[in-house]
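Peer 1: missing the sequence, but the structure's below:
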């Protein structure tokens, strides 16, 4: 922890010798075009840009639009469940049930494939991975642009699904129903197939960028932990996503040509589809959660003003999660005619994969211990993440135990569990990262008080929405049912009320951030006192990220950063060993120009 005396001595040092203050040169923002650019030239400069930051911002707009659409269907589901008898859309009970089936299917598919999987890697990862390396861009800028265009094409297939006969298979597209239903399975699966290629391109780009573009002096164990998390995620994207692509192609062929891969009447096996699907989709859980953990590893040390505890263990645990995630898909099929031996093995592996996650949680808690904790909005979301993700992880142990899973399988307990992990983990961490990096992305500060109120509403609303579902699940309420017994109504109404509170918090958070773009005060270059390289560029960054190549130091040592009241942000003070050095007199650990 940085002492007050240390801060005072740093302020005194730059007063006595202004050359020790590291000033960040300002340049033209990546958000702006040259004077004289016409409207359509401006549009083209974004649509066909090779700037990783602009691509990340376009991803951010796209995935937030998808989140809004997925949230609409979530609201449909929750309000339908306000009463035991489905009647939201009018007409017969059967019509209401069919509409409900489509609502929860589209909610799950849109949230999974269009929002949660690409949210952190494609948006925040695209913007900040090169900047954390001190690089000008990713290794393959054109491939990066192609991955975004593929995401847009995949999203259009989902729009086509909405405009045609809809989709009612559940987001998993399980056979045999997905091969016999009259809804738009082919549109939806083609969309997911194309989105898979977008994910592969992004992952491949990140792997090559981290391997080849680390600056001189940044060894593997001097990288920010955000890079470790994104790198581990990219490995999963490259290795696991082709399995999903092949599976969906087989599903399309089965549906159109009847080739007999999954149809038992033709010698196929519908359970084979589950094996194929979950071999991708359980690693995909870690595509969702590993980047979230990476954000928390950046936020907690900055707002605790302490070096991250157990850096090496956190780094290796990211890789361990990525590798072990490939071995546990069978725990989704404990009730699907799996052999007893296979079930025992998958159960044991499921418990094993919880160990690296626990390592991260305990290291984050130890980092905060005796730290100087600052409860700005990013830290509030990080603390919410710790609470919610821990509940999600612990309830996962119940589902990994064979005897308990048989009772809880396909009940609302499972719904609550994966929402605590996916939404309480990925979404909350995404909001932490969005608030943390917002001043750097757009050069504007948001209203801190309103941002913290929004965080509180999100936290309370989330728990009110999903915690009652654990009780529903233990009492036997099955998932995916539009009608239910009257004794479950109280918990469903609690859950729907929580959805309203949660939605209010999310809309408030969005309003606070969007308002700051127009009325927010100018952000300092380093408002939080962080030490990673992206904070050594101006806010917002220039097209090439850095006007002067930054020094490479430890990403979690904050001893040389002091708060400057005049700038309303932190400035870096050169230590004695680097005092008086000019840019041309780079020490041996100075990064080479990329």
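Peer 2: Nice, I can see it. These figures come from a predicted structure and were not determined experimentally.
Peer 1: Can you list the buried residues in the helix or strand harbouring residue 273?
Peer 2: If you go by DSSP states H and E, residue 273 is part of helix 270-304. Buried residues in helix 270-304, counted by 16 or more other Cβ atoms under 10 Å: 270-271, 273-304. The way it works is simple: take the backbone N, C-alpha and C, and place the C-beta from them, glycine included.
Peer 1: pLDDT of it, averaged?
Peer 2: Helix 270-304 shows a mean pLDDT of 93.
Peer 1: helices or strands next to the helix or strand following it in the packing?
Peer 2: Moving toward the C-terminus from helix 270-304, the next helix or strand (DSSP H and E) is helix 311-324. For helix 311-324, the elements it packs on are helix 225-257, helix 270-304, helix 340-368, judged by 3 or more Cβ pairs under 8 Å, 6 or more residues apart in numbering; DSSP states H and E.
Peer 1: State the distance from the residue positioned nearest the centre of the chain to residue 425.
Peer 2: When Cα atoms, centre = their mean is applied to the chain, the residue found nearest the centroid is residue 120 (3.6 Å). Residue 120 is 11 Å from residue 425, where distance means Cβ to Cβ, to the nearest Å.
Peer 1: Which residues are in contact with each of the two?
Peer 2: With contacts taken as Cβ atoms under 8 Å, 6 or more residues apart in numbering, residue 120 and residue 425 have residue 292 as neighbours in common.
Peer 1: Am I right that residue 562 sits in a strand?
Peer 2: Yes. When classified by DSSP: H, G, I helix; E, B strand; the rest coil, residue 562 is found to be part of a strand.
Peer 1: For it, give me its contacts.
Peer 2: Contacts of residue 562 (Cβ under 8 Å, 6+ apart): 7, 10, 11, 14, 570, 571, 573.
Peer 1: Residue 144 now?
Peer 2: Contacts of residue 144 (Cβ under 8 Å, 6+ apart): 50, 52, 55, 126, 137, 138, 201, 202, 205.
Peer 1: Go ahead and confirm the third one touches residue 145.
Peer 2: Yes. Taking contact to mean Cβ atoms under 8 Å, the distance of 6.1 Å between residue 55 and residue 145 places them in contact.
Peer 1: Which of those two has more residues huddled nearby?
Peer 2: Neighbour count, other Cβ atoms under 10 Å: between residue 55 and residue 145, residue 55 has more, with 25 against 20.
Peer 1: do you know which of the helices and strands packed on helix 311-324 lies nearest residue 455?
Peer 2: helix 270-304 (12.5 Å; Cβ to Cβ).
Peer 1: tilt between that closest one and helix 225-257?
Peer 2: Angle, helix 270-304 to helix 225-257, by axes from the mean of the first three to the mean of the last three Cα atoms, to 10 degrees: 160 degrees.
Peer 1: same for helix 270-304, what does it pack against?
Peer 2: helix 117-118, helix 225-257, helix 311-324, helix 340-368, helix 377-400, helix 428-442.
Peer 1: which SS class is residue 570?
Peer 2: From three-state DSSP, the assignment for residue 570 is strand.
Peer 1: Kindly report the same for residue 74.
Peer 2: helix.
Peer 1: tally of neighbours for it?
Peer 2: If we define neighbours as other Cβ under 10 Å, then residue 74 has 24 of them.
Peer 1: circling back to that earlier point, ok, which of the helices and strands packed on helix 311-324 comes nearest residue 82?
Peer 2: helix 270-304 (29.1 Å).
Peer 1: how far does the closest one sit from the chain's center?
Peer 2: Per Cα atoms, centre = their mean, to the nearest Å, the displacement of helix 270-304 from the mean C-alpha position of its chain is 9 Å.
Peer 1: Repeat that for stretch 423-432.
Peer 2: 7 Å.
Peer 1: State the mean pLDDT of it.
Peer 2: pLDDT averaged over stretch 423-432 gives 95.
Peer 1: tell me which helix or strand of the chain sits lowest on mean pLDDT?
Peer 2: helix 4-16 (a mean of 69; mean pLDDT, DSSP states H and E).
Peer 1: In the stretch 401-550 of the chain, where is pLDDT below threshold?
Peer 2: The model of the stretch 401-550 of the chain has no residue with pLDDT under 70.
Peer 1: Run through the residues that contact residue 354.
Peer 2: Contacts of residue 354 by Cβ under 8 Å, 6+ apart are 393, 396, 397, 400.
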